[in-house]
Every structure is written in structure tokens, then in C-alpha cells.
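coords please:
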Amino acid sequence: MGREPLELLEELLKVTLEMHGEVLAGSLDRLPEYLTARQHLIDALGPLLQELGDADRSQALALLREIVEKDEEVRHWVEELLKRELTSLKEGQRTVQAMRAFRENLGGSASSRFIESEG
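Presented below is the predicted three-dimensional model:
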């Protein structure tokens, strides 16, 4: 027999909280792993949620509210982290472009030009 809907929701919340903690700590390393685990749980939950009795619905809704709240925070932080990464990449690109321009302006080797002017 499969797992109960509330058990799956609690597992989904657990994975969501782990993902939330790592993202808020600035790490996206395990994000794909978390998202895959969550998707498997969501797929398993889909048909089971309809089987919930009235007594379990309020508990399920409370769990879902907490999951959605954490998801929103994760989404916000992922956007922030990606913006920072993009800014860093743009700065790196500007540095590389400046180095290329510097090298092109030197023409040949800087030391050979210095030796020629000294000689």
C-alpha cells in the first residue's frame, strides 16, 4: 500500500524546508535535486489529495500553506542569487574585455617594445 496523503505532504514540507534553508544560505548547488524530489512527491500526491477526509483537510491545508509560503521565499531568494551571479558575470566580462583591449593596445610584447626603446 502507498503512503498516506498527509505523510507525503509532511515529506514535501521537509524537503521544502531543507531547500529553503540552503537557498537562504546562498547555495543553489542542490536545488535541482530538491526540485526533482519535490516533483516526485507532488506527482504522488495529486490523486491522493481527493481521498482526504474532512478531518484531514484542515491539516493538509495548513501544510500546503506553509509549503507555498516557503516556496515564495525560495523563489525570491533564487531570483536574488541569480541577479547577483549575472552581475558578477557581467563584471567579469567587462574585465576580460578591458584586458583584451589593453593587450591589443600594446601591439607586440610590452617587454620587447621597452627593449627597443632602450636599445
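
go ahead and flag the most central residue of the chain.
The geometric centre of the chain, computed from its C-alpha atoms, lies nearest to L28 (CA atoms, centre = their mean), at 4.1 Å.

residues contacting the closest residue to that one other than its chain neighbours?
What sits nearest to L28 in space, not counting adjacent residues and going by CB to CB, 6 or more residues apart in numbering, is L81, at 6.0 Å. C-betas here are computed from N, CA, C, even on glycine. If you count contacts by CB atoms under 8 Å, 6 or more residues apart in numbering, L81 has them with 23, 26, 28.

show me what contacts the residue nearest to the centre of the chain?
Contact analysis of L28 by CB under 8 Å, 6+ apart lists 22, 78, 81.

for the nearest residue to L49 once chain neighbours are set aside, give its distance to E85.
Using CB to CB, 6+ apart and skipping residues adjacent in sequence, the residue nearest L49 is P5, 5.6 Å away. With the distance defined as CB to CB, to the nearest Å, P5 ends up 37 Å from E85.

tell me which of those two has more neighbours.
Using other CB atoms under 10 Å as the criterion, P5 and E85 rank with P5 on top: 23 against 11.

how many residues are close by L49?
15.

I'd like the distance between it and L41.
12 Å.

just L106 next, same as before
Relative to L41, and taking CB to CB, L106 is found at 58 Å.

please say which of these two ends up with more neighbours.
Shown here are L106 and L41; by other CB under 10 Å, L41 has more neighbours (20 against 11).

report the spatially nearest residue to the more buried one, omitting neighbours in sequence.
L41's closest residue in space is L12 (CB to CB, 6+ apart), at 4.5 Å.

just the pLDDT at the one you found, thanks.
With respect to pLDDT, L12 has a value of 96.

looking at it, it is touching H40, isn't it?
No: between L12 and H40 there is no contact under CB atoms under 8 Å: 9.6 Å.
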